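[1] sequence first, then the predicted structure, then my questions.
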Amino acid sequence: MVLPVAFFAVFFAWPVVSIVERGLRPDGHWEPGRLTETLGSPEILDVLWFTLWQALASTALTLLVALPGAYVFARFDFPGKGLLRAVVTVPFVLPTVMVGTAFLALVGRRGLLDELWGVRLDTTVWAILIAHVFFNYAVVVRTVGGLWSQLDPRQEEAARVLGASRWRAWRTVTLPALGPSVGAAALMVFLFTASSFGIVQILGGPAYSTLETEIYRQTADRLQLSTAAVLTLVQFAAVGAVLAVHARMVRRRETALRLVPPERTAARPRGAGQWLLLAAVLLSIGLLILAPLAVLVERSLATPTGYGLDYYRALQSVDENGTFLVPMTDTIVNSLQYALAATAIAVVIGGLAAAALTRRAGRLVRGFDALLMLPLGVSAVTVGFGFLITLDEPPLDLRASWILVPLAQALVGVPFVVRTMLPVLRAVDERLREAAAVLGASPWRAWREVDLPLVRRALLIAAGFAFAVSLGEFGATVFIARPDNPTLPVAVARLLGRPGELNYGQAMALSTILMVVCAVSLLLLERLRTDRTSGEF
């Protein structure tokens, strides 16, 4: 646990604590009155209220839309299932700024609906809610569907034999078994939507602000570190409470259930009702997932003179306005290099943490497990700005170093490595390690010859997810990415912030490239994936 603890202490706790301290101690002494002053502001109360209710509404809407999809992926066997499973995961690994971009191309100004029927939903709360469902659909499908696919259907069939209706059998047998998994998925969706940044920033405009966007506004635009510090503390408290409940849900989900191999539970749809359900789920995926992604591609090809690759060719030239010092094609290479470095860091840190959590128990270790999840819910804006003010002097003067961006990206990748590796490592029979030790193997050799062959596939899946989410990290890198080495999400956000047809088209082209890279990564993961090695996500 030494290396993971040191990593999070230096690159997460220290920057966040420093930001909070500077905000509440501007003159070297504490000013507790800033807390009540900030939280009593009507403007801040409106932000907190909007953050809460839109997160609750987004979570409820996501569960309503995605639970039928979880059932279909768990119980039905149909052609293209693996491909479709990868496709519905693409939005989750895209940066939120690009999720906003995809919906902007569909429902925003100059979007498809605007051109066809004059309908615009950007700057409305409905665009935010629908985009959150688009982003979090895979969380429910993979978390709930993964467990659902392994529940023994004979339990529900036994209830039917004893006279229960289909609805009562599902309500009294299947739902209690799924309850902890549904609760864990709902909490994760709530966490992601409450801390949403890019989606609200692009689709909400100045009319709507969540806790995350307000922290960015107070930090970057107004330089009000005291207000940002108070909001960060509020976010910490909320995230800590959510993660505590989530950890309890996960422990309940790990209680003894009668699980069977997924291939024994999936079958071709039978009867008109099941075929109708499959058709409805496929239609919802087409409208909610595929349509925004397809429009993103279409907008990248739609030039003033007709469809073509003009915007892609323009990526090879240097920006005349000096916003970027290198061609956009170099941005693609930079992003891939950053993501690979971040993946290596996340796999090492997350793998060690998962191994430690497997071998030990107790409140301290459970607390460390929750700490590993904090970067997913705590403001990435705070972390990024904290990097600038803490890692600026020896022995850790990293402001001019390329490693700064991968370090920030790795913070987001580590939780996915841990959540993927932990259940698989826990499933390794301890007696195998003990037998290897009795036969004279050192701990290192026992791990290399016993654990590694059993978890190799899960390790590759963890690395793939870490790569995808690192590639799309935006909240922290928007502060620390340099103009001569920008990342794809930062470049897209800056292009969208500038007027002009060319800038808009280039943003769509870069978004399409990132989407294709993420989709290819997820398709490769699906070829590796088995439900026994898929971990908690």
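    That came in fine, so what should we check first?
[2] report the contact partners of the closest residue to Arg426 other than its chain neighbours.
    Nearest residue to Arg426, sequence neighbours excluded (Cβ to Cβ, 6 or more residues apart in numbering): Thr358, at 5.5 Å. The way it works is simple: take the backbone N, C-alpha and C, and place the C-beta from them, glycine included. By Cβ atoms under 8 Å, 6 or more residues apart in numbering, Thr358 lies in contact with Leu422, Leu425, Arg426, Val428.
[3] in the helix or strand where Thr358 lies, what counts as buried?
    According to DSSP states H and E, Thr358 maps onto helix 328-359. Judged by neighbour count (16 or more other Cβ atoms under 10 Å), helix 328-359 contains these buried residues: 328, 330-332, 334-335, 338-339, 341-358.
[4] cool, stretch 153-164 as well?
    Buried residues in stretch 153-164, counted by 16+ other Cβ under 10 Å: Glu156, Ala159, Ala164.
[5] same question, stretch 4-24
    Neighbour count says stretch 4-24 has 4-5, 7-8, 11-12, 14-16, 18-20, 22-24 buried, by 16+ other Cβ under 10 Å.
[6] which of these lies closest to Ser401?
    Phe11 (12.8 Å; Cβ to Cβ).
[7] what sits closest to the closest one if chain neighbours are left out?
    Leu407 (5.4 Å).
[8] need the pLDDT of Arg252.
    pLDDT for Arg252: 59.
[9] and Leu309, how many neighbours?
    12 (other Cβ atoms under 10 Å).
[10] for the longest helix along the chain, buried residues please.
    Scanning the chain for the helix with the most residues, using DSSP state H, yields helix 42-75. Buried residues in helix 42-75, counted by 16+ other Cβ under 10 Å: 44, 47-48, 50-51, 54-55, 58-59, 61-63, 65-75.
[11] again, but for stretch 104-112
    Leu104, Ala105, Leu106, Val107, Gly108, Gly111, Leu112.
[12] measure it end to end?
    When the termini of stretch 104-112 are compared using Cα to Cα, to the nearest Å, they are 9 Å apart.
[13] gap between that stretch and the chain center?
    Relative to the centre of its chain, stretch 104-112 is centred 24 Å away, using Cα atoms, centre = their mean, to the nearest Å.
[14] what residues does that stretch touch?
    113-114, 119-122, 127, 202-203, 291-292, 295-296, 298-299, 496, 504, 508.
[15] taking the buried residues of stretch 104-112 one by one, which sit in strands?
    Using DSSP state E, no member of those sits in strands.
[16] by pLDDT, give me the weakest of those.
    The member of the buried residues of stretch 104-112 with the lowest pLDDT is Gly111, at 70.
[17] and Leu191, what does it touch?
    Val239, Val242, Leu243, His246, Leu376, Gly377.
[18] recalculate using a threshold of 10 Å.
    Residues in contact with Leu191, defined by Cβ atoms under 10 Å, 6 or more residues apart in numbering, are 55, 59, 136, 139, 238-239, 242-243, 246, 373, 376-378.
[19] out of the buried residues of stretch 104-112, which comes closest to Asp397?
    Nearest member of the buried residues of stretch 104-112 to Asp397, counting by Cβ to Cβ, is Leu104, at 38.4 Å.
[20] how much space between the closest one and Val88?
    Note on Leu104: its distance to Val88, by Cβ to Cβ, to the nearest Å, is 21 Å.
[21] now do Val97
    Counting by Cβ to Cβ, the gap from Val97 to Val88 is 20 Å.
[22] quick one, which of those two is more surrounded?
    Val97 (24 against 21).
[23] which residue, other than its chain neighbours, is closest to that one?
    Val97 sits nearest to Gly198 (Cβ to Cβ, 6+ apart), 3.4 Å away.
[24] and the helices in the stretch 101-250 of the chain?
    Remark: helices assigned in the stretch 101-250 of the chain by DSSP state H, counting those that start in this stretch are 112-117, 125-148, 153-161, 166-169, 175-194, 198-199, 211-216, 225-253.
[25] mind putting those into JSON lines with distance to Tyr307?
    Formatted as JSON lines, these follow (distance: least, Cβ to Cβ, whole Å):
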{"stretch": "helix 112-117", "distance to Tyr307": "14"}
{"stretch": "helix 125-148", "distance to Tyr307": "25"}
{"stretch": "helix 153-161", "distance to Tyr307": "49"}
{"stretch": "helix 166-169", "distance to Tyr307": "50"}
{"stretch": "helix 175-194", "distance to Tyr307": "35"}
{"stretch": "helix 198-199", "distance to Tyr307": "28"}
{"stretch": "helix 211-216", "distance to Tyr307": "35"}
{"stretch": "helix 225-253", "distance to Tyr307": "44"}
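[26] and the residue nearest to Ala341 when sequence neighbours are not counted, which of the three is it?
    Excluding its sequence neighbours, the residue lying closest to Ala341 (Cβ to Cβ, 6+ apart) is Pro406, at 3.9 Å. Three-state assignment for Pro406 (DSSP: H, G, I helix; E, B strand; the rest coil): helix.
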